[in-house]
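In: Starting from these lines, generate the structure:
(chains A and B)
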Amino acid sequence: MQTELPPPVAPPISRASSPWEWMRVNLFSTWYNIILTIVCVVIIVVGISNLLRWVFDIAQWNVVVTNLQLFFVGRFPPELYWRVWLSLGVLACLAGIAWGFSRTDARWLSHSTLIALGVIVAAVILLPIPLSSRLWLVTIALVATIGYAAGRQLPPNLSSWLPVMWGVAFLLVWWLIKGGLGLAPTPTTVWSGLLLTLLTATTSIILSFPLGVLLALGRQSPLPVVRGLSTLYIEVIRGLPLIGILFLAQVMLPLFLPPWFRDLDRVLRAIAGLVLFSAAYLAENVRGGLQAVPRGQAEAAKALGLGAPLTVSLIVLPQALKAVIPAIVGQFISLFKDTSLLALFGLLELTGIARSILAQPEFIGRYAEVYLFIGLIYWIFCYGMSQASRNLERKLNVGQR
Amino acid sequence: MTTQRPRVTRNTPKFKDLLRDTRFWRVAGQVIAVLLFLLLVILVVDNVIYNLRALGIQLGFGFLGSQASFDIGETLISYNPADSYGRAILVGLVNSLRVIVVGLVLATILGLVAGIARLSNNWLVRQLALVYVETIRNIPLLLQLFFWYFAFFLQLPNVANQITLPGSTYLSSRGLYLPWIQGGAGAGVWLLLLALGIAGAIAVWQWRTQVMQERGVRGNQMLWALAPIVVAIALAYIINGAIPFRITLPQMVDTEQIEGGLRLSPEFGTLLLGLVVYTGSFIAEIVRAGIQAVPQGQWEAARALGLKSGRIMQSVVLPQALRVIIPPLTSQYLNLAKNSSLAIAIGFPDVYFVASTTFNQTGRAVEVMFLIMITYLTISLIISLAMNLFNRTVQFKER
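Out: Here you go, the predicted model:
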């Protein structure tokens, strides 16, 4: 038996790295690294100086400033803007609650929160928007902060209520935008801009969810016919470009339906196309989650006397869905980007409204400014969601090892 | 001691028991599924027939033979407006395949470079690659195509003031003109022999590698593999007596016109650039994840053997990373092929664009949709099959 401990090993000498040391290691370690560094510096300097010169000297931003409202809410009637603001407030409050709820560390504000706050404040001050919009923005930021504070105080056993609250908020927002039930209804032809992009993307992903889960279960089913039909649907849709499916939805759907559906709303047709498309991809994501659930779980449920429907809905699906939340967020991001294709079918979502603005005679040729601006909007949403999804993944601890 | 045998009761099966029987549900579920599916099909077909009759359209592919009478901007195979719709769609298909094949190759190269750059030990290279990936991935491809087309290609100067790039390459709003190799008479023989030579070179390379592994002597694969190619070229020269290839350089004939070389139209250039840059950013992330999936020990072991870092990447890490890379790479390839249909946004005549024009002229929604589906499903299937075959060769070969 070994009684003596091995002699203690001295800890590695930690060298306080000076900036020079850091640069030697990270930029100039070998001769080809030196060349690469020089090339990169040249690219960065030339690129950024040209970009800055273009942004401040050449670009004419009045096309963006003049049409700011068009980009965001398009041709939504101005007297009903309060409904959009109110929807935004509801969502901001809920987002604040969810965020405050999901934070576990004791610090009240993290760096990212501070950066987000700074960006919002800068936006409120700098954006050339009317006073009423500024007030609305400040109020929404306040509501979100209150939500955040409230979310931090909530007891953790309320977590299952969050999805329900999101569902209610979704219906509330649809009601506020669409009208009816006491509010003046708005025709879908005035829905445009970022508003339409967000509405179509969220509605499609939510509606495609049940269909996608059913298809995933169908593809895993022991019944050959069900499995075959589900697989056929999934593979055919995944083999087609989205533009083809939107063509199907815009042109063929009225042919498939009885004659009294002939004048189906264009926005609804677009959503139908996106749902059909998204369900196939969602099914594949969910299938990944179903396969990740150990077989023993289903067997244990069977041993307890649960039937097949109960086993799936109580044991297998909850675990599978939890495992694929990040993948679903990723899918939502790509669907959000894909809504730009609706512009090719005459819908005025963000890309479509940009094209219609560019068609105005006074703004002809201002392509770079407009496309960069809406590119920035898309980028902020997608990048923000992908970062949030990365955090969520870490929190759920279900990502790839 | 007598054991009492359990009494076997033969109850007639009750309906309630049936509902609990999985064997019953196994059959009933399928019957219900089939019935629902048939019901859906019948409803749809019935509606289509009714609606088409109301619109006065008859189903059938006969229209493919009638005259198209629209022009197509760029064609690889001969076409004029007097040709049939079928010919027009074929022209579109060739255009699609051209952009897909070139796009796949270039996107793979770009993605590989950017993915390796994401892991470079040079901080600046790493950050540049990160900025590229995170910027491009988060902006819709359609918007990028609009940007490249309207804000870049169409803003280029006209032919008279075109930009001259090194190597006789010209860039103007008419497109990109590159030097190109032109084959003359007898080029077919040359290409055939060259292909045979390359095939021979690969075989010789594998044989020498095997020799090197089995006998532990130097393989000299490079030298040996050169031999079949040299033989092929010599043979071709003997048969043909001349080299049928010459390089044509784009040259300005007058201030308006350029002749010679290869012209890439702004539409083709935009689509290719957009697809390559967009797909490349996704491939970069796949390559990065694949390389990171190779255990650190592999690097260290290779370094301990004295291999240089380029060599380690090429012969130790990438072959193992490929196992992880191929499946998601396949789906990116499929995405590129499907996204090539966005050509319609900038007016490049790919198969979707031509089919859509055909629909606008003839109103044949069902047939055109069917053609589009068959085309893209076939392309997707071919890519999947090829990648699955390739995937099989890179998977672990366990003893």
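In: ranges for the helices of chain B?
Out: Using DSSP state H, the helices of chain B run over B:15-20, B:22-55, B:85-117, B:123-137, B:141-146, B:187-215, B:221-240, B:266-293, B:296-304, B:309-312, B:318-339, B:343-346, B:351-362, B:365-394.
In: Could you list every helix and strand in contact with the fifth one?
Out: Spelled out, it's helix B:141-146. Applying 3 or more Cβ pairs under 8 Å, 6 or more residues apart in numbering or on different chains; DSSP states H and E, one finds that helix B:141-146 contacts helix A:350-358, helix A:367-396, helix B:266-293, helix B:343-346. In this view, the C-beta of every residue, glycine as well, is placed from N, C-alpha and C.
In: One more pass at 6 Å, please.
Out: In terms of contacts (3 or more Cβ pairs under 6 Å, 6 or more residues apart in numbering or on different chains; DSSP states H and E), helix B:141-146 is packed against helix B:266-293, helix B:343-346.
In: Repeat that for the second one.
Out: Using 3+ Cβ pairs under 6 Å, 6+ apart as the contact criterion, the neighbours of helix B:22-55 among helices and strands are helix A:224-239, helix A:253-256.
In: For the ones you listed, which has the smallest mean pLDDT value?
Out: Per-stretch mean pLDDT for the helices and strands packed on helix B:22-55 is lowest at helix A:253-256 (a mean of 84).
In: and that helix, how far from the chain's centre?
Out: 30 Å (Cα atoms, centre = their mean, to the nearest Å).
In: who's in contact with that helix?
Out: Helix A:253-256 is contacted from outside by A:Arg262, A:Leu264, A:Arg269, B:Val44, B:Asn47, B:Val48, B:Asn51, using Cβ atoms under 6 Å, 6 or more residues apart in numbering or on different chains.
In: Please apply the same query to stretch A:265-276.
Out: Defining contact as Cβ under 6 Å, 6+ apart, one finds that stretch A:265-276 is touched by A:188, A:200, A:203-204, A:207-208, A:245-246, A:249-250, A:253, A:342, A:347.
In: What remains of the residues you listed if I keep only buried residues?
Out: By neighbour count, with 16 or more other Cβ atoms under 10 Å in any protein chain shown, those hold A:188, A:200, A:203-204, A:207-208, A:245-246, A:249-250, A:253, A:342, A:347 as buried.
In: okay, the residue lying closest to B:Arg87 once chain neighbours are set aside: pLDDT?
Out: Nearest in space to B:Arg87, with sequence neighbours left out and distances taken as Cβ to Cβ, 6 or more residues apart in numbering or on different chains, is B:Tyr79 at 6.1 Å. Turning to B:Tyr79, the model gives it a pLDDT of 86.
In: Could you do A:Ala98 as well?
Out: A:Ala98 carries a pLDDT value of 80.
In: does it sit in a helix or strand, and which one?
Out: For A:Ala98, the host element (DSSP states H and E) is helix A:81-102.
In: How far away from the center of its chain is that helix?
Out: That offset, for helix A:81-102, works out to 15 Å (Cα atoms, centre = their mean).
In: name the helices or strands packed onto that helix?
Out: Counting contacts by 3+ Cβ pairs under 6 Å, 6+ apart, helix A:81-102 packs against helix A:131-153, helix A:161-178.
In: tilt between it and helix A:367-396?
Out: Angle, helix A:81-102 to helix A:367-396, by axes from the mean of the first three to the mean of the last three Cα atoms, to 10 degrees: 30 degrees.
In: Can you check what angle separates helix A:81-102 from helix A:131-153?
Out: Using the same axes, to 10 degrees, helix A:81-102 lies at 20 degrees relative to helix A:131-153.
In: Need the contact partners of helix A:81-102.
Out: Here helix A:81-102 has contacts from A:73, A:136, A:140, A:143-144, A:147-148, A:150-152, A:154, A:162, A:165, A:169, A:172-173, A:176, using Cβ under 6 Å, 6+ apart.
In: again with stretch B:205-214
Out: So stretch B:205-214 is contacted by B:Gly219, B:Gln221, B:Trp224, B:Ala225 (Cβ under 6 Å, 6+ apart).
In: what number of residues lie near the closest residue in space to A:Val236 that isn't next to it in sequence?
Out: The shortest distance from A:Val236 to any non-neighbouring residue, by Cβ to Cβ, 6+ apart, is to B:Leu377 (6.8 Å). The number of residues packed near B:Leu377 is 15, by other Cβ atoms under 10 Å in any protein chain shown.
In: what do you get for the one 5 residues further on?
Out: A count of neighbours around B:Ile382, defined by other Cβ under 10 Å, yields 11.
In: B:Val94 and B:Ile72, how far apart?
Out: Counting by Cβ to Cβ, to the nearest Å, the gap from B:Val94 to B:Ile72 is 10 Å.
In: neighbour count winner among these two?
Out: Shown here are B:Val94 and B:Ile72; by other Cβ under 10 Å, B:Ile72 has more neighbours (19 against 16).
In: Return the residues in contact with that one.
Out: Counting by Cβ under 6 Å, 6+ apart, B:Ile72 touches B:Tyr79, B:Val91, B:Pro349.
In: again, only using 8 Å
Out: Under the criterion of Cβ atoms under 8 Å, 6 or more residues apart in numbering or on different chains, the contact list for B:Ile72 reads B:Tyr79, B:Ala88, B:Val91, B:Gly92, B:Pro349, B:Val354.
In: now B:Ala82
Out: Contacts of B:Ala82 by Cβ under 8 Å, 6+ apart are B:Gln67, B:Ser69.
In: Highest neighbour count among the contacts of stretch B:205-214?
Out: Neighbour-wise, those (other Cβ under 10 Å) top out at B:Ala225, 21 neighbours.
In: quick one: A:Arg295 from A:Leu310, how far?
Out: 17 Å.
In: quick one: which of those two has more around it?
Out: Taking other Cβ under 10 Å, A:Arg295 and A:Leu310 do not tie; A:Leu310 has more neighbours (13 against 9).
In: what residue ranges in the stretch 101-250 of chain A score low on pLDDT?
Out: A:103-110 (pLDDT under 70).
In: How about the residues of it by chain B?
Out: A:221-226, A:229, A:236, A:238-244, A:247-248 (Cβ under 8 Å from any Cβ of the partner chain).
In: Repeat the analysis, applying 6 Å as the threshold.
Out: A:Leu223, A:Val225, A:Val226, A:Leu229, A:Gly239, A:Leu240, A:Pro241, A:Ile243, A:Gly244, A:Leu248 (Cβ under 6 Å from any Cβ of the partner chain).
In: and which of those is nearest to B:Val113?
Out: A:Pro241 (27.1 Å; Cβ to Cβ).
In: Make sure that closest one is actually in contact with B:Lys338.
Out: Yes: with contact defined as Cβ atoms under 6 Å, A:Pro241 counts as touching B:Lys338 (3.9 Å).
In: residues touching the residue nearest the centre of chain A, list them.
Out: The residue lying closest to the centre of chain A (Cα atoms, centre = their mean) is A:Ile333, at 4.2 Å. Taking Cβ under 6 Å, 6+ apart as the contact definition, A:Ile333 lies against A:Cys382, A:Met385, A:Ser386.
In: Kind regards, and thank you for your time.
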